[in-house]
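> After the sequence you'll find the predicted model.
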Amino acid sequence: MENNSNIKKTYFVQGMDCAACAINIEKKLNKVPGVKKAVVNYATEKVSLDLEKEIPEADLQKAASSVGNYKLIADDEKMPGMGMSGHDHAAMLKTEEIKRLKNKMIFGIIMSAIIMFLSNYFLIPGLKNLSAQTMNTIMLLLATPVQIWLGSQFYKSAWAGLKRFNANMDTLIAVGTSAAYIFSLVATLFPQFFTGAGQEAMVYFDTSSVILTLIILGRFLEARAKGKASEAIKRLIKLQAKTARVLVDNIEKEIPIEEVKVGDLIIVKPGEKIPVDGEIMEGESAIDESMITGESLPVDKKIGDKVIGATINKMGSFTFKVEKVGKQTALAQIIKLVEDAQGSKAPIQRLADIISGYFVPTVISIAAFSFVIWLIYGPGFAFALIVGVTVLIIACPCALGLATPTAIMVGTGKGAEEGILIKDAESLEKVQGLDVLIFDKTGTLTEGKPQVVNFSDEKTLQLAYALEKKSEHPLALAIVKKAEEYKFTPDRVENFSAKIGRGVTGKIANQTYYLGNHELLVEHNISLPNEAQSKIAAEENNGRTVLILADKNYLGFISISDTIKEDAKKAIDKLKELNIKPILMTGDNLKTAEVVAHLLDIKEWYGKVKPEDKLNKVKELQAQGKKVGMVGDGINDAPALMQSNVGIAMGTGTDVAIESANIVVLKGDISKVVKAIILSKKTMATIKGNLFWAFIYNILGIPIAAGVLHPSFGILLSPMIAAGTMAFSSIFVVLNSLRLKNIKL
């Protein structure tokens, strides 16, 4: 029976204009039966859904549209009758929206400039003799199309929300600008209402027009800036090859990348992009993998080596067999990881979400209260109206809504460019707060390409070869490589079993053999002769890993050495500078662990540890209140990776380790672990700066707009200045986040 308990879906959300919109949609979707968790990201304009079961798209669409004019567009599905994916359709709609905002902005700037010019007609020669009634009528004719065309999107959104008893940012804009326009309309068409009461018939057409223009300008710049924040995804998508040269019956045929199938043979010539993932069958080359791994130097490849789609062939021609296509390729998986991370929410965003949810009704209440107070105690109706309009216009939950996700988008994108894949926003936030980082040894601090440097006899090597032939463990690969130099033929092995953290067992010619460490021998009550103990101790004292072969008795040993990664010492030193304590834990023997720890200046180290020992150490440190990270690459690291606050897997490791980790370091570059921590610290500093600005802007702006400084200092904020600062607040947050693109790690 198929298990649908963990279904994930992503949709683009069309029609969101502010953070309050995102909160309302998220709340509604989370109430749909079968939805475990819905996360709406205002910055990416996406909703990520964790579902307990398959839910008809119509039900999800109904829930979203029940709180406003919002439309869900499936991310990766073909749009009916359109010949394009949801992703492409959403991109097309976004391009059209930016174009529409640009046209509105240009129109608004031209008309507002004319209206502002005419509003000072009494200072202009040739116009100063015209009556106020005439000039007000002219400004009414000019302001009306501005109010209708520029204001239409706000009216539609506000009305859709009010019908469902929801208020959003567009509600504030619609009410505020309409109040100024309608007041001016009445003053123009029925001036006697004011002159009869002994008041001047003032008009504010310039105010309503300029406010709408500034807000449209802000929306245009914000849309452009948000597009730049997601450039990492766009660049990754552009890496994909468009065609492939397939070999069919010894004839080369160029076909679209979508038609490539697993098992196809593809020819790649110098300078060409490798279309999909596969294994080289003929030829050799040097391949630039920097766009995937962040490594600048080309990697030499030969027959049997794997190649990655979207990387560039620098030198020789070769033929490879396709192993992965479409969503299964490494590039597609990276794009998916980055998209998931950018669509997730960091814990620090929760406060902003809570505030945004209550923000709009609170602002409307403050505006109404300010209007009533100034109507009673102020100079008059016009003054009270301007104060109320200014409060409505200056309030902006958008800056709060953008503060965290834009920084997350840029931060995770920057990480992907550096070969650091961060699976979710929570991990990006957590890694900067680590106190301890536990390291596995083989493949993490060492190259993970060990070599056999000594063995007791050829018979031992041949038996070990048979036992390790099917294993992918780095130590097994070293034995296989050495045995193949001797051109051994592996014996048939039955009842093979891998003992994680200890070794392997198997039956050859009806005899059971054991190959592993001391613990494996103790487990089967096999003792070592004194002479063997001395030889093995000598090897271990040189920092080598020793595998012991036995049946019922000791038969021989194989000594394996692995080199420490070139940048490991520098990375450990940098961690200490960041006040993060490094700990080495390895299943290797104590002496090897000691030698590696000494060379890297790691003060706390453990050898002969089992997977459960690493897990228990993580739990022990967490019980002491420590934030613990785990760095590893093997199956035996998976439990500790999952238990740790942040699990970091080497991209060269096993699939189990990578799946268990929160962060994946491509190419196994240990220096990127440090870069991930630095990136996290800088991203979190940016988020805190964004939130500080967004909070301070509203905390100071709303009271000033309400006129609290007017009685003592005569200061009253202009609605046009309020509109400008409101637009600037959102743009500032996005631009501040974009600075992360240029940081050096």
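Okay, I see it. Numbering: from 1, shown residues only.
> Which of the three states applies to residue 48?
strand (DSSP: H, G, I helix; E, B strand; the rest coil).
> residues contacting it?
The neighbours of residue 48, taking Cβ atoms under 8 Å, 6 or more residues apart in numbering as the test, are 8, 9, 10, 38, 39, 41, 340, 343, 344. For the C-beta atoms, the positions are set from N, CA and C on the backbone; glycine is no exception.
> Among those, name the buried ones.
When the contacts of residue 48 are checked for burial by 16 or more other Cβ atoms under 10 Å, the buried set is 9, 10, 38, 39, 41, 340, 343, 344.
> can you put those residues in JSON lines and add secondary structure and distance to residue 670?
Formatted as JSON lines, the buried ones among the contacts of residue 48 follow (DSSP: H, G, I helix; E, B strand; the rest coil; distance: Cβ to Cβ, whole Å):
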{"residue": "9", "secondary structure": "strand", "distance to residue 670": "36"}
{"residue": "10", "secondary structure": "strand", "distance to residue 670": "33"}
{"residue": "38", "secondary structure": "strand", "distance to residue 670": "37"}
{"residue": "39", "secondary structure": "strand", "distance to residue 670": "32"}
{"residue": "41", "secondary structure": "strand", "distance to residue 670": "32"}
{"residue": "340", "secondary structure": "helix", "distance to residue 670": "25"}
{"residue": "343", "secondary structure": "helix", "distance to residue 670": "29"}
{"residue": "344", "secondary structure": "coil", "distance to residue 670": "26"}
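> Distance to residue 445 and pLDDT added to those residues, as TSV?
Shown next, in TSV, are these (distance: Cβ to Cβ, whole Å; pLDDT from 0 to 100):
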residue	distance to residue 445	pLDDT
9	40	86
10	37	85
38	41	90
39	36	87
41	37	81
340	29	74
343	34	67
344	30	70
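> Turn those residues into JSON lines, including distance to residue 742.
Below are those laid out as JSON lines (distance: Cβ to Cβ, whole Å):
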{"residue": "9", "distance to residue 742": "34"}
{"residue": "10", "distance to residue 742": "29"}
{"residue": "38", "distance to residue 742": "34"}
{"residue": "39", "distance to residue 742": "28"}
{"residue": "41", "distance to residue 742": "23"}
{"residue": "340", "distance to residue 742": "25"}
{"residue": "343", "distance to residue 742": "24"}
{"residue": "344", "distance to residue 742": "24"}
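> Among those, find me the one that's closest to residue 356.
residue 41 (12.8 Å; Cβ to Cβ).
> So in terms of bridging, what pairs with that closest one?
Note on residue 41: beta-bridge partners by DSSP bridges are residue 46.
> Hmm, residue 345 and it touching each other?
Yes. Look at residue 41 against residue 345 with Cβ atoms under 8 Å: they come within range, at 7.1 Å.
> joint contacts of these two?
residue 405.
> which one is residue 280 nearest to, not counting chain neighbours?
Distance criterion Cβ to Cβ, 6 or more residues apart in numbering; nearest residue to residue 280, sequence neighbours excluded, is residue 320 at 4.8 Å.
> Wasn't the one you found part of a strand?
Yes. Under three-state DSSP, residue 320 sits within a strand.
> Report how many residues lie close to it.
Residues contacting residue 320 under the criterion other Cβ atoms under 10 Å number 25.
> Same question for residue 286.
Residue 286: 15 neighbours (other Cβ under 10 Å).
> For the strand or helix carrying it, which residues meet the burial criterion?
Counting by DSSP states H and E, the element that carries residue 286 is strand 285-288. Buried residues in strand 285-288, defined by neighbour count with 16+ other Cβ under 10 Å: 285, 287, 288.
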